[in-house]
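In: return a 3D structure for these sequence lines:
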Amino acid sequence: MSDRRRLEVVAARITIGAAAAFTGLVLLWHFGFDDATWSLPPPITRGGWDAFSLYPWAELLLVSLVVAALLAAVLLRKRFAVSKMITATLIAVVLVGAMIVYAPLAGVTIRRMDRVLGSVEEPLPGFRFFVALFVITLAANGVLIIATRTKHTPDLARRTAAVAAVVTSAIYLHLFWVCLVFPFSDQWWPDDWERADRIGPVRLCRGATLWEAGPPRYRHRRLPIGRIDDLWLNFADPRTGGRRERAISYAGTFYEGYFWLTLSETGQLRVRLDDPALADCDGTWRRERGPAKWHKVGVLP
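Out: The predicted structure is shown next:
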């Protein structure tokens, strides 16, 4: 092997090792983001299975694997074997660790209020799709690495496949924070939600978000409290002995529950003038005898 070729091989190994080491450090930092780096909580809590409690255990396991690989490399005392072992271990740690980081997201659920079913806990399709896409990407990287390990594969292609797997994991490890920063719901949410000039009187449209109508000087109190679920012609108000009148119902978000409001009570709330539900307003009315026992009646709990 020529000196130039040998230098290229050494540079490639250093690049792969550095990329894998950097991604491994980012991975371990992800595991310890909740300040539980070296605490080992039980996976089973009072609320049931807690997948995120696997993070400290995974960190301890992956660190142990890296330390074991370093010790084995020292005992071998062969430079080529040491480089190959450390690089392979770092790549394996990155791939396995990245899968563990995303595993809990597949089980994340969100709770919503339903008029018939009450409090319903449902999975987040967006999270599951994101995890599925990540698993498919890692599987494709694995197939690429296996395919490039044949003896007829050029050395450059073999090393490129390993780097591609590490770089893909590094990108996804940073995308993980997008899932934590952005809302867990796919409901409409305005960026300038504190602007008082975008607030207007309630329009009776299904899906419109209802907001508290605080005084202008208390702009921060204008919080979304729920979305209009339906409009009712024959609401039997239990507070007036079952008198029939028009009302709206909404599923609470800021205030958890399923609420019924008479038309006079809707004057205490507001809607955003730029709410997409107002652009294509569904204002048809339905008939309903009255609220269920677990429904809440009134503007606020």
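In: please enumerate the strands of the chain.
Out: 44-45, 48-49, 109-114, 118-123, 199-201, 209-212, 224-237, 243-252, 258-262, 269-272, 296-297 (DSSP state E).
In: ok, the closest residue to Leu263 other than its chain neighbours to Glu265 distance?
Out: Spatial nearest neighbour of Leu263, excluding adjacent residues (Cβ to Cβ, 6 or more residues apart in numbering): Arg246 at 5.1 Å. For every residue, glycine as well, the C-beta is placed using N, CA and C. According to Cβ to Cβ, to the nearest Å, Arg246 and Glu265 sit 11 Å apart.
In: try Gly200
Out: Taking Cβ to Cβ, one finds Gly200 at 17 Å from Glu265.
In: picking that back up, how about the strands of the chain, which one is nearest Phe134?
Out: Ranking the strands of the chain by their distance to Phe134 (criterion: Cβ to Cβ) puts strand 118-123 first, at 16.1 Å.
In: what's the angle between that closest one and strand 258-262?
Out: 130 degrees (axes from the mean of the first three to the mean of the last three Cα atoms, to 10 degrees).
In: and for the residue nearest to Leu263, the neighbour number?
Out: When neighbours are counted by other Cβ atoms under 10 Å, Arg246 registers 15.
In: residues contacting it?
Out: Contact analysis of Arg246 by Cβ atoms under 8 Å, 6 or more residues apart in numbering lists 231-233, 235, 262-263, 285.
In: give me the pLDDT value at Ile14.
Out: We have a pLDDT of 71 for Ile14.
In: repeat that for the one 3 residues further on.
Out: At Gly17, the model reports a pLDDT of 65.
In: returning to that earlier point: got a winner among the contacts of Arg246 for most neighbours?
Out: Counting neighbours by other Cβ under 10 Å, the top entry in these is Phe235, with 25 neighbours.
In: how far away is it from Ser119?
Out: In terms of Cβ to Cβ, Phe235 sits 22 Å off from Ser119.
In: need the contact list for Asp275.
Out: Neighbouring residues of Asp275 by Cβ under 8 Å, 6+ apart: 188, 205, 208-209.
In: what separation is there between the closest residue in space to Arg244 that isn't next to it in sequence and Arg286?
Out: Using Cβ to Cβ, 6+ apart and skipping the chain neighbours, the partner closest in space to Arg244 is Asn234 (5.4 Å). Asn234 sits 9 Å away from Arg286 when distances are taken as Cβ to Cβ.
In: which one of these two has more residues nearby?
Out: The neighbour count for Asn234 versus Arg286, taken as other Cβ under 10 Å, is higher for Asn234 (14 against 10).
In: number of nearby residues for Leu175?
Out: 12.
In: just the pLDDT for it.
Out: At Leu175, the model reports a pLDDT of 75.
In: kindly report the same for Ala196.
Out: Ala196 is assigned 70 on the pLDDT scale.
In: and it, how many neighbours?
Out: Neighbours of Ala196 using other Cβ under 10 Å come to 13.
In: and for Gly126?
Out: 15.
In: swap in Thr284?
Out: For Thr284, the neighbour count with other Cβ under 10 Å is 10.
In: quick one: contacts for it?
Out: Thr284 touches Leu231, counting by Cβ under 8 Å, 6+ apart.
In: cool, and the one 4 residues further on?
Out: With contacts defined as Cβ under 8 Å, 6+ apart, Glu288 is in contact with 230, 232-235.
In: out of those, which comes closest to Val66?
Out: Asp230 (56.8 Å).
In: quick one: pLDDT of the closest residue to that closest one other than its chain neighbours?
Out: Distance criterion Cβ to Cβ, 6+ apart; nearest residue to Asp230, sequence neighbours excluded, is Ser249 at 5.2 Å. Listed pLDDT for Ser249 reads 91.
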